[in-house]
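> have a look at this prediction, sequence included:
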Amino acid sequence: MLLNGLNLTDDEKLFQKSVEVLRGVLSRPSLFPVTSQRVTRNCAILSGLAEKIAANENRLATMMVQQTHRPLTACLTEVRRSVQTLGKTRDAAHRLCEPRAYDFSDALLGGHAAMSQRFTYAPLFAITPFNFPLNLTLHKIAPAVALGLPFVCKPPLQSLELFSLVNDWLAESGADQDAYAFYFAGNEGVAKALERLPAPLISFTGSRKVGFELKQKYWDRKLILELGSTAACLICNDVPKWELERLSQDIARSAFGNSGQSCISLQHLLLENEICDDFVSHLKHTASAMARSRDPMSPDTVSGPLVGRAAFEKSMNLLNQALECGAQVWSAGEHNPTEHHLAPTIVMYPALNAKTLDQIALTREEAFSPIVCIHRIQNTVSTEKISEFVQKFDSNIHASIFTYQNKRAKQFYELLPARTVLWNEIPSWRADDMPYGGLGLTWSGGHLQNAGLLGDEGPYQTMMELTAERLFVLP
């Protein structure tokens, strides 16, 4: 079902009625074995939903452009990825059905054999972001549907029309309408609802500030938090100069594509000294070409408007603060505050030192806009030192290295506490069935760093989070 609670928070009686409906969903039985029969029945719902989404590709993409102002090409790609996410979830759910056998015949207290199976154990309350509204929401709710788990989902406010369709399509595909709800409410309404609802399992994608507030407040509940990162990329001086122009196009797509509104959008680019000037020249040329098309409905647009005025003002404040700290700021065109359009922008960091890094807010704060920070690295700096330097950015979901030295790529992978290190690939690359997220809280420089995720994501990994292994010891 779909509940529009946007205007209810000031009316206690109406708000309480809405909460009671959500309570009914979350109070449904949620302790089930993950069996092949159950999963097969539930995955038929995902197949039906995938068919509906695929058949309405252009309609959904156009709807998302109107709602989020993202480029049409990015929205079309998201719709296609959403169909793939549903298929990968079906495959992962069947893998989860396989029982495990244990041999405890040598136990000192007497031998036994045992078998185990995974069980769902709690209903899901999911909170999803605006930047990929359909696909990232499906990453949370499709595993719940496959497992037969009741859920409440709070989608982004801009997507009411989109999830009205998804709500109807789930019902048409055979989902029990009393076992799920899409709840549209502002931050205050969601906070009030969580305080009153039996929601022991919360999955949230959004800002670190809100994520850690949830963790502090609901420490006694299971939380799955995807809180973004400041993705980094190192380009080594062994990359031939004739490759730099082509590579600059890939890097520009990673930094400026989707207007930089992705948690694995490239934010920090480290360039070794020999190639730095040439690469920045190519990157500026590519960014200038990208800036010529701004209309999100145009198939040529890569970097369109930001989602709203608040996002634009945050980006401008970050750029102005970097200027005050001695950075050089270059933009590929004029910014347009009326249309919330920030032109692709390059921030050249001043000479590297700890004081400079700490002063500039872009060092750790996620820009979530088409901004890339350039750091010049001297050729004499070791991979170990570069890895220590990258850790200052909290780049804990994805990081990249471009080099033809196998040993150096492996060193970077082993030393850097990122969940995924990509070799000769941009950090914004993602497959929808890959394990995804940060490393939780990491220890660096004598203190704990915040990280991008507590819990795990990806279709199979999400279902592992939503279930628990139960053991049956045999006589």
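Looks like it came in fine.

> what separation do you get for the residue nearest the centre of the chain and Arg430?
Nearest residue to the geometric centre of the chain (Cα atoms, centre = their mean): Cys263, 5.3 Å. In this view, Cys263 and Arg430 are 10 Å apart by Cβ to Cβ, to the nearest Å. Every C-beta, even on glycine, is put in place using the N, C-alpha and C of the backbone.

> so where do the helices sit in the stretch 351-475 of the chain?
For the stretch 351-475 of the chain, helices defined by DSSP state H, counting those that start in this stretch occupy the ranges 354-359, 383-390, 406-415, 459-465.

> which segments of this structure make up each domain?
Per automatic domain parsing, the structural domains of the chain span 2-227+457-474, 231-437.

> save those domains as JSON lines, and put in mean pLDDT too.
Output for the domains of the chain, formatted as JSON lines (pLDDT from 0 to 100):
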{"stretch": "domain 2-227+457-474", "mean pLDDT": "92"}
{"stretch": "domain 231-437", "mean pLDDT": "92"}
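
> picking that back up, what's the closest of the helices of the stretch 351-475 of the chain to Thr85?
helix 459-465 (6.9 Å; Cβ to Cβ).

> quick one: contacts of that closest one?
34, 85, 88-89, 91-93, 95-96, 118, 139-140, 142-143, 146-147, 203, 222, 224, 432-433, 435-436, 455-456 (Cβ atoms under 8 Å, 6 or more residues apart in numbering).

> which of the helices of the stretch 351-475 of the chain sits most buried?
Most buried of the helices of the stretch 351-475 of the chain, by mean neighbour count (mean count of other Cβ atoms under 10 Å): helix 459-465, with a mean of 22.

> got the CA positions of it in CSV?
The C-alpha trace of helix 459-465 is given here as CSV (Å, rounded to 0.1, in the frame of the first residue of the first chain):
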residue,chain,number,x,y,z
PRO,A,459,21.5,-8.6,-3.3
TYR,A,460,23.1,-11.7,-1.6
GLN,A,461,24.8,-9.7,1.1
THR,A,462,21.5,-7.8,2.0
MET,A,463,19.7,-11.1,2.3
MET,A,464,22.4,-12.3,4.7
GLU,A,465,21.8,-9.2,6.8
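
> run the chain-centre distance for it.
Once both centres are worked out by Cα atoms, centre = their mean, to the nearest Å, helix 459-465 turns out to sit 15 Å from its chain's centre.

> and for stretch 328-338?
Put simply, stretch 328-338 sits 26 Å off its chain's centre (Cα atoms, centre = their mean).

> got the CA coordinates for it in CSV?
Extracted C-alpha coordinates of stretch 328-338, given in CSV (Å, rounded to 0.1, in the frame of the first residue of the first chain):
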residue,chain,number,x,y,z
GLN,A,328,42.7,27.1,-7.1
VAL,A,329,39.2,26.7,-8.5
TRP,A,330,38.4,26.3,-12.2
SER,A,331,34.9,25.8,-13.6
ALA,A,332,34.0,24.6,-17.1
GLY,A,333,31.3,27.3,-17.4
GLU,A,334,29.1,29.7,-15.4
HIS,A,335,27.1,28.3,-12.5
ASN,A,336,23.3,29.0,-12.6
PRO,A,337,21.7,29.2,-9.1
THR,A,338,18.2,29.6,-10.5
